[in-house]
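In: Structure for the following, please:
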Amino acid sequence: MQQMNCQNCGASLEIENQFIRAVTCPACGTSYLVRGSDNLDMTGKTASLADYPSRLSVGAQGKIKGRGFTVLGRIRYMYDAGFWEEWQIGWDDGAPPDWLEEDEGMWTLYRRGRVKAEIPPYEQVRVGATMPINNEQVFITEKRTAQVMGSVGQFSSVFPIQGTFGYATGAANNRSVSVNYWEDEIELSIGEDLEYNDLVIQS
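Out: Got it, this is the predicted structure:
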């Protein structure tokens, strides 16, 4: 565990996972990139998150299909039809962190995927059509723009705290597929839909 301090308010920031690349101060909301073992790079300030009912909270522990995890961080995204939550989870077995998406009571476990071939640009994505991703035909079910409403905790990837980004979601071979079109990067995630009893919260 790395011990750092917020440059804005002086609050203690404990970096709990070796894969962490970004952290949001729980006291003042200032966001940082984590560079090296003892360096924080301020990137801005996110809005504080109002509490909404959820089975999870930052610091909570649980199991997904028997595999233990701890919640490291929480991000809320806003789009034209509402918002959704994504929870960064660290695995007890030391594997790289993954994401739990919570949207209208539904849970999906997402793992970062490697982009192995060219992905069509956002402008060419069409809902109801298929698009090739890593030699698979993904049926597109949603295409929207979104923005970050707020965040708290620690994260293994860097996300934009200002402005909007495009995203598309779909399905292929009984898996969920999500593509985020960041300003300078295309991020691919492969998801597994979870049943209610697959997710067990311990504390």
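In: Gly66: how many residues sit nearby?
Out: 7 (other C-beta atoms under 10 Å). From N, CA and C alone the C-beta is placed, and that goes for glycine too.
In: If you could redo that for Tyr77, that was the one I meant.
Out: 22.
In: next one: the one 10 residues further on
Out: Counted by other C-beta under 10 Å, the residues lying close to Trp87 total 23.
In: okay but it is in contact with Val71, surely?
Out: Yes - if you go by C-beta atoms under 8 Å, Trp87 and Val71 touch, sitting 5.5 Å apart.
In: Parallel or antiparallel, which strands does the longest strand seen in the chain pair with?
Out: Of all segments of type strand in the chain, defined using DSSP state E, the longest is strand 136-155. Take DSSP bridges as the rule and strand 136-155 pairs in its sheet with strand 22-24 (antiparallel), strand 67-79 (antiparallel), strand 130-133 (antiparallel), strand 165-172 (antiparallel).
In: ok, back up a step: mind listing the shared neighbours of Trp87 and Val71?
Out: Leu56 (C-beta atoms under 8 Å, 6 or more residues apart in numbering).
In: now the helices for this protein?
Out: Along the chain, counting by DSSP state H, no stretch forms helices.
In: Quick one: find the helix or strand in it with the lowest mean pLDDT.
Out: None of the helices or strands of the chain scores lower by mean pLDDT, DSSP states H and E than strand 39-45, at a mean of 61.
In: Next one: Glu14 from Gln88, what distance?
Out: 15 Å (C-beta to C-beta, to the nearest Å).
In: If you count surrounding residues, which of those two has more?
Out: Neighbour count, other C-beta under 10 Å: between Glu14 and Gln88, Gln88 has more, with 26 against 10.
In: No more questions from me, cheers.
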